[in-house]
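>>> Next one to model:
(one chain, ligands or ions: 1)
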Amino acid sequence: MVKAIVGANWGDEGKGKITDMLAEDSDVVIRFQGGANAGHTIINNFGRFALHTLPSGVFYPHITNIIGNGVALNIRVFTDELNSIINSGVPAPSIIVSDRAQVVMPYHPLFDAYEEERLGGRAFGSTKSGIAPFYSDKFAKIGFQVNELFDDELLRSKLENVCTIKNTLLEHLYHKPLLKVEELYKEMVEQRELIAPFVGNTASFIGSALAENKRVLLEGQLGTLKDTDFGIYPYVTSSNTLAGYGCVGAGIPPTMFESIIAVTKAYSSAVGEGAFVSELHGEEAETLRRLGGDKGEYGATTGRPRRVGWFDCVATAYGCHMQGATEAVLTAVDVLSYLDEIKLCVAYEVDGKTTTDFPSGAKLERAKPIYETLPGWKCDIRGVTDYNALPPQAKDYVAFIEERIKTPIKMISTGPRREDICNRLA
Ligand code: GDP
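Presented below is the predicted three-dimensional model:
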């Protein structure tokens, strides 16, 4: 059966740590969407790692790690990341890359950067990893599946076609240097040599693993509010971040899902543009940003300061619902220990009306937070592993959120390390 770990919010909820923890009891760990535009932070016996492309099971020798067909595969990032974990002393992991996964081409990050430059003040805050141009090309059917790299004739003729299209844009829209078929061809031949040892039929591998009752873990990137369809469009990522997309992005039958674990942080944080109803500014934000996460709230991939705010019950209830969450994990509760009192956004006011439904588009932009305030616990809870040992104010905070997000909170994370975790319900 399949367990999925996904984000209920804007990403950076602490999925990396939870996946690393739960990976230990899995046989297969799968990435099914997104690319190297976000990262998981994992802190374990080998050190502190920001994984962008590799599945989180790479630290365990018993796990088969899969890069599913839905992923935007940047081959050079993949090899660099693999070499860097091996150089840190991690034994060479077992990895299979789907022969149907598509490749982030050398021009995708360029187009991402050129488009942000063209948009100027209206930019989306892209990480410039090429994800939007990659998925556009995938659906325009001018992308490259990994298997296509191994067919010389096809590779050349597709590259010729792509260069005709791209060079028109480069010349007339972006005024940038043109692509050369021969250079691209040489680069892709090098890249195919790098990826060749890992390529396989992952859908068939997963099918057999499920038939043998293997424990399969789906690892989500970002969160509901960055989903192309259900997120804060257009300030979203270019792939679907919902657990349900695992069916498409890895080839898993929908009937195989056993549990969907939505990870949400005890306060809100987001990178990039877009509506963020419970956002904090000024000194309050600065303090939370400095004390948040394991090293402050700065992006694992970009190092950009994250926007921070109070916990948003409206956005998170929606986030859990759209994920189909069977349970939730509340992370970074330890971060809030400095606060005398803690606000939670319990509803939005939109055009004079109070709502707990997460709105779309311009309505969301106009939404104002309605807060309730709970007392803080004002003592250090980092590393607490016994739920009952938490101060009553912390337990009340968890219970308050649980009721509003309508999802049982089964685990509470009290620090960035793998062992900083309380199980709540037996
Ligand atoms: P992901 O994208 O959801 O995997 O999130 P990241 O791992 O990039 O970001 C979450 C940040 O919070 C990282 O710096 C983690 O080390 C840190 N983190 C995760 N859980 C906890 C926790 O319970 N307490 C604290 N203080 N930090 C945490």
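
>>> which residues does residue 40 bridge with?
Under the criterion DSSP bridges, residue 40 forms beta bridges with residue 51.

>>> roughly how far apart are residue 264 and residue 40?
The spacing between residue 264 and residue 40, counted by C-beta to C-beta, to the nearest Å, is 15 Å. All C-beta spots, glycine's among them, are computed from the backbone N, C-alpha and C.

>>> can you give me how far stretch 150-159 is from the chain middle?
How far stretch 150-159 lies from its chain's middle: 32 Å, per C-alpha atoms, centre = their mean, to the nearest Å.

>>> Export it to PDB, keeping only CA atoms.
Extracted C-alpha coordinates of stretch 150-159, given in PDB (Å, rounded to 0.1, in the frame of the first residue of the first chain):
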ATOM      1  CA  PHE A 150      18.900   7.300 -26.500                       C
ATOM      2  CA  ASP A 151      17.500   7.500 -30.100                       C
ATOM      3  CA  ASP A 152      20.100   9.600 -32.000                       C
ATOM      4  CA  GLU A 153      18.000  10.300 -35.000                       C
ATOM      5  CA  LEU A 154      15.000  11.300 -33.000                       C
ATOM      6  CA  LEU A 155      17.100  13.400 -30.600                       C
ATOM      7  CA  ARG A 156      18.600  15.400 -33.500                       C
ATOM      8  CA  SER A 157      15.400  16.000 -35.400                       C
ATOM      9  CA  LYS A 158      13.500  17.100 -32.200                       C
ATOM     10  CA  LEU A 159      16.400  19.400 -31.300                       C
END
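
>>> Contacts for that stretch, please.
The list of residues contacting stretch 150-159 from outside it, by C-beta atoms under 8 Å, 6 or more residues apart in numbering, reads 142, 144, 148-149, 181, 184-185, 188, 192, 196.

>>> can I get those residues in CSV with pLDDT, distance to residue 248 and neighbour count?
Formatted as CSV, the entries for the contacts of stretch 150-159 read as follows, by pLDDT from 0 to 100; distance: C-beta to C-beta, whole Å; neighbours: other C-beta atoms under 10 Å:
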residue, pLDDT, distance to residue 248, neighbour count
142, 97, 20, 14
144, 98, 19, 24
148, 98, 19, 17
149, 98, 22, 22
181, 97, 32, 16
184, 97, 28, 20
185, 98, 30, 15
188, 98, 26, 21
192, 98, 25, 20
196, 98, 25, 12
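
>>> related to what we said a few turns ago, out of residue 264 and residue 40, which sits in the busier spot?
It is residue 264, of residue 264 and residue 40, that has more neighbours when counted by other C-beta atoms under 10 Å, with 31 against 25.

>>> next helix or strand past the helix or strand hosting that one?
Here residue 264 sits within strand 257-265, counting by DSSP states H and E. Scanning the chain past strand 257-265 towards its C-terminal end, the next helix or strand to appear is strand 268-270 (assignment: DSSP H and E).

>>> For residue 365, what is the enclosing helix or strand?
Secondary structure assigned from DSSP H and E places residue 365 in helix 361-366.

>>> Can you give me the buried ones in that helix?
Residues of helix 361-366 classed as buried: residue 364 (neighbour count, 16 or more other C-beta atoms under 10 Å).

>>> Surely residue 91 touches residue 62?
No: in terms of C-beta atoms under 8 Å, residue 91 does not count as a neighbour of residue 62; the distance is 10.8 Å.

>>> Could you pull out the helices in the stretch 201-350 of the chain for me?
If you assign secondary structure with DSSP state H, counting those that start in this stretch, the helices in the stretch 201-350 of the chain sit at 202-211, 246-250, 282-291, 313-323.

>>> Residues contacting the first one, please?
Contact partners of helix 202-211, identified using C-beta under 8 Å, 6+ apart, comprise 1-2, 27-28, 30, 64, 66-69, 96-100, 216, 250-253, 256.

>>> Just the buried residues out of the residues you listed, in ChimeraX syntax.
Typed into ChimeraX, the line below selects the buried ones among those, using 16+ other C-beta under 10 Å:
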select :2,27,28,30,64,66,67,68,69,96,97,98,99,100,216,250,251,252
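
>>> now, which of the contacts of helix 202-211 lie within helices?
residue 250 (DSSP state H).

>>> Filter the contacts of helix 202-211 down to just the ones in strands.
2, 28, 30, 64, 66-67, 96-98, 216 (DSSP state E).

>>> Could you work out the most separated pair of those residues?
Taking C-beta to C-beta, the two most distant members of the ones in strands among the contacts of helix 202-211 are 2 and 97; they sit 19.5 Å apart.

>>> one step back: check the contacts of helix 202-211 against the ligand, which are close?
The subset of the contacts of helix 202-211 within reach of the ligand, counting by C-beta under 6 Å from any ligand atom, is empty.

>>> For this protein, which residues score under the pLDDT cut-off?
Within the chain, the stretches with pLDDT under 70 are 300-302, 426.

>>> interface residues of it facing the ligand?
Residues of the chain found near the ligand, taking C-beta under 6 Å from any ligand atom as the criterion, are 7, 11-17, 38-41, 43, 293-294, 300, 331-332, 334-335, 413-416, 420.

>>> got the buried residues for the longest helix along the chain?
The residue-count maximum for a helix in the chain (DSSP H) belongs to helix 152-169. Of the residues in helix 152-169, 155, 158-159, 162-163, 166-167 count as buried by neighbour count, 16+ other C-beta under 10 Å.

>>> can you redo the residues you listed as JSON lines with distance to residue 233?
Below are the buried residues of helix 152-169 laid out as JSON lines (distance: C-beta to C-beta, whole Å):
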{"residue": "155", "distance to residue 233": "34"}
{"residue": "158", "distance to residue 233": "30"}
{"residue": "159", "distance to residue 233": "32"}
{"residue": "162", "distance to residue 233": "27"}
{"residue": "163", "distance to residue 233": "31"}
{"residue": "166", "distance to residue 233": "25"}
{"residue": "167", "distance to residue 233": "30"}
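
>>> Tell me the one among those nearest to residue 371.
The nearest one, if we look at the buried residues of helix 152-169 relative to residue 371 and count by C-beta to C-beta, is residue 166, at 48.6 Å.
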